[in-house]
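1. How does the following fold in three dimensions:
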Amino acid sequence: MRTPNLLLAAAIVTLAAGCRGGAGSEPAQPIPHVTPIDTRPPAEPAADDEPPTPRPPKEADPTSTDTFEGTAGATDKPRANAKLAVLRDVRAARHEHYDRVVFEFEGDAVPGYHIDYIDKPVRQCGSGEVTEIAGDGWLAVRMSPAAAHTEAGKATIPFRERKLTLGVALELERTCDFEAEVTWVLGVASPNRYRVLELTKPARLVVDVKH
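-> Prediction:
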């Protein structure tokens with residue numbers, strides 16, 4: 001009869017042989033890694049991921065357009081009950097398709113105006129004296145109620161006439177500053193069509209003459 005110790009040793013040897021396998025058994029193969037496939041439906045995009053709603057384009061600024069139809073006739077816009085507007089600056093500049101003259105006023109309003117091509121002779125309003133202005137066309141810009149001087153009588157514009165070397169504008173001259181009326185005459189190479197714009201902050205009357 002075998003002893004308990006011998007029986008225990010025989011059982012251990014048998015178990016070890018079974019774990020190693022026989023001589024012809026294949027070695028254990030590693031389990032390949034398989035990426036799981038996500039079959040869930042795609043999640044809805046968050047509110048922050050939604051594309052922004054396109055905004056409509058801004059309206060074009062009429063002062064930035066290079067071409068315009070304009071007019072060669074008279075432009076009349078009276079403001080008889082308006083407050084007296086004091087002229088504080090007059091300037092001219094060349095643009096690609098037109099020359100621009102700007103009359104800038106104190107305050108926030110442009111006075112009434114009448115703009116038209118006039119015939120020679122061009123005269124000073126107070127004395128009636130004839131003044132020579134260069135060009136073959138003379139565009140008079142009459143503004144009222146307006147003044148080009150202070151209450152003490154000092155001129156607010158440091159010049160009375162100015163030669164210009166622009167596309168069509170040749171000379172600019174003040175011909176009137178009397179009884180709430182101010183007139184400047186723009187001498188141009190030819191009486192081309194023009195347009196008038198009113199701008200604010202500060203108040204400006206703009207006259208563009210086509211090349």
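2. Show me the shaky parts of this structure.
-> Scanning the chain for pLDDT under 70 picks out 1-65.
3. At which residues are the helices of it located?
-> Here the chain has its helices, by DSSP state H, at 4-20.
4. Nearest residue to V207 in space, please, no chain neighbours.
-> The spatial neighbour of V207 that comes closest, neighbours along the chain excluded (Cβ to Cβ, 6 or more residues apart in numbering), is V101 at 4.8 Å. For glycine as for every other residue, the C-beta is placed from the backbone atoms N, C-alpha and C.
5. show me the contacts for that neighbour.
-> Counting by Cβ atoms under 8 Å, 6 or more residues apart in numbering, V101 touches 90-92, 141, 169, 172, 184, 186, 206-209.
6. Buried by neighbour count, from those residues: which ones?
-> Among the contacts of V101, those classed as buried by 16 or more other Cβ atoms under 10 Å are 90, 92, 141, 169, 172, 184, 186, 206-209.
7. could the residues you listed be laid out in CSV, adding distance to E129?
-> Compiled in CSV, the buried ones among the contacts of V101 are given as follows (distance: Cβ to Cβ, whole Å):
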residue, distance to E129
V90, 21
A92, 24
V141, 20
A169, 23
L172, 18
W184, 16
L186, 19
V206, 29
V207, 25
D208, 30
V209, 26
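8. and of those residues, the nearest to A152?
-> Of all the buried ones among the contacts of V101, A152 sits closest to V90, with 20.1 Å by Cβ to Cβ.
9. That closest one reaches F103, doesn't it?
-> Yes. Because the distance of 5.7 Å satisfies Cβ atoms under 8 Å, V90 is recorded as touching F103.
10. Overlap of the contact sets of those two?
-> W184.
11. ok so, going back, among the buried ones among the contacts of V101, which lie within strands?
-> 90, 92, 141, 169, 172, 184, 186, 206-209 (DSSP state E).
12. wait, E161 sits on L170?
-> No. In this structure E161 lies outside contact range of L170 using Cβ under 8 Å: 11.4 Å.
13. Those two: which has the busier surroundings?
-> Comparing E161 with L170 by other Cβ atoms under 10 Å, the one with more neighbours is L170, at 18 against 15.
14. distance of that one from R94?
-> 12 Å (Cβ to Cβ, to the nearest Å).
15. do the same with G135
-> 15 Å.
16. between the two, which one's more packed in?
-> The residue with more neighbours, out of G135 and R94, is G135; 18 against 15, by other Cβ under 10 Å.
17. Distance-wise, check that one relative to L186.
-> In this view, G135 and L186 are 8 Å apart by Cβ to Cβ.
18. any residues in contact with both of the two?
-> E171.
19. related to what we said a few turns ago, among the buried ones among the contacts of V101, which one sits closest to A80?
-> Taking Cβ to Cβ as the measure, V141 is the one of the buried ones among the contacts of V101 closest to A80, at 17.7 Å.
20. No further questions, thank you.
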